[in-house]
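Asks: Sequence and predicted structure below; questions after.
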Amino acid sequence: MYAGSFMEEQDALSKLDELTTELLNKDPLTLAAISTIPYFGSTIATFYSSKWLAKYRERTDLLFRQFEEHLNSLDERTINKGYFDTDEGFDLLYGAIEQSAKTRSEDKRELIARILRGAVVEFAQENHSPEDYLYLISDLTVRELKVARTMYRDRPRLEKDAWNTWEEETCKELDIDNSDLHMSLDRLGSTGLLGLTTAREVDEDYVVLYSRDSGEGSQYIVTSSFDKLMKFLQLKA
């Protein structure tokens, strides 16, 4: 941990704990509303007040621990210590806690913690929108995130045989079928992380366009937006 910053980090974490407490203090109102649900209100209220809150606390605590680990790796001079006191910072923190509580995926929670880290680093805030990144990642499924990381790592060639080989290897690696892979790629394409390409084969000096067979998916390339996001997250693949 960098020198002279322990108390400042503890103050930051205390603010996070206060925010969590504030959120949890709203639960009695929610429970009162749930209890009026016909037939099942009592059962649902019991689940919400015990099991759900236990998971909420557990997942929020994990997020804070991951965020603390990232803070410990930073140079104190690069940190905007007043960031979470701003409206933008508060909204991002609130959203991060909310999205973390909704997922059981530790990989996704780690990405959320990395977004918080990137947001408080002063030089990383230029030309980046941490809030947009948070909701982009939160909106993707665990499978889609795995496909995205694999695509970013491999950057498969677009020639038909090479692309088909990549699809086969990726399906095997991620234990998914071809239709699920195509659906994930199409979803990632809609976010701007991947760009749709024209199907093609290169034959000596010719570029040959071809029609897809039934069931074939589209081909994609990694976009500059994806590169920008990965740089913000400080990830290589």
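Replies: Yes, it's here. Nothing here was measured: the structure is a model prediction, and the numbers come from that model.
Asks: Tell me the pLDDT of the most centrally placed residue in the chain.
Replies: Of all residues in the chain, the one closest to the mean position by Cα atoms, centre = their mean is Ile137, 3.0 Å from it. Looking at Ile137, its pLDDT stands at 95.
Asks: my read: it touches Lys108, true?
Replies: Yes. Between Ile137 and Lys108 a contact is recorded at 6.7 Å, counting by Cβ atoms under 8 Å. The C-beta positions use only the backbone N, C-alpha and C, and glycine is treated the same way.
Asks: Mind listing the shared neighbours of those two?
Replies: Leu145 (Cβ atoms under 8 Å, 6 or more residues apart in numbering).
Asks: The helix or strand where Asp161 lies: what's the following helix or strand?
Replies: Using DSSP states H and E, Asp161 maps to helix 160-174. Following helix 160-174 in sequence order, the next helix or strand is helix 178-191 (DSSP H and E).
Asks: Flag every buried residue along the very next helix or strand once past that following helix.
Replies: With elements assigned by DSSP H and E, the helix or strand that comes after helix 178-191 is strand 194-196. For strand 194-196, a neighbour-count test (16 or more other Cβ atoms under 10 Å) marks Leu194 as buried.
Asks: Give the other helices and strands that the helix or strand harbouring Arg57 contacts.
Replies: Using DSSP H and E, Arg57 sits within helix 53-72. On a contact count with 3 or more Cβ pairs under 8 Å, 6 or more residues apart in numbering; DSSP states H and E, helix 53-72 meets helix 6-24, helix 87-102, helix 106-120.
Asks: tell me the angle the helix or strand following the last one makes with helix 106-120.
Replies: The element immediately downstream of helix 106-120 (helix or strand, assigned by DSSP H and E) is helix 130-139. Relative orientation of helix 130-139 and helix 106-120, computed by axes from the mean of the first three to the mean of the last three Cα atoms, to 10 degrees: 180 degrees.
Asks: got the CA coordinates for the following helix or strand past helix 130-139 in CSV?
Replies: Next along the chain after helix 130-139, taking DSSP H and E as the criterion, comes helix 142-154. Backbone C-alpha positions of helix 142-154 (Å, rounded to 0.1, in the frame of the first residue of the first chain) are rendered in CSV as follows:
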residue,chain,number,x,y,z
VAL,A,142,-21.6,-14.2,-18.6
ARG,A,143,-21.5,-16.2,-21.8
GLU,A,144,-21.3,-13.0,-23.9
LEU,A,145,-18.5,-11.6,-21.9
LYS,A,146,-16.6,-14.9,-22.4
VAL,A,147,-17.1,-14.8,-26.1
ALA,A,148,-16.0,-11.1,-26.1
ARG,A,149,-12.8,-11.9,-24.3
THR,A,150,-12.1,-14.9,-26.6
MET,A,151,-12.7,-12.7,-29.7
TYR,A,152,-10.5,-10.0,-28.4
ARG,A,153,-7.7,-12.5,-27.6
ASP,A,154,-7.9,-14.4,-30.9
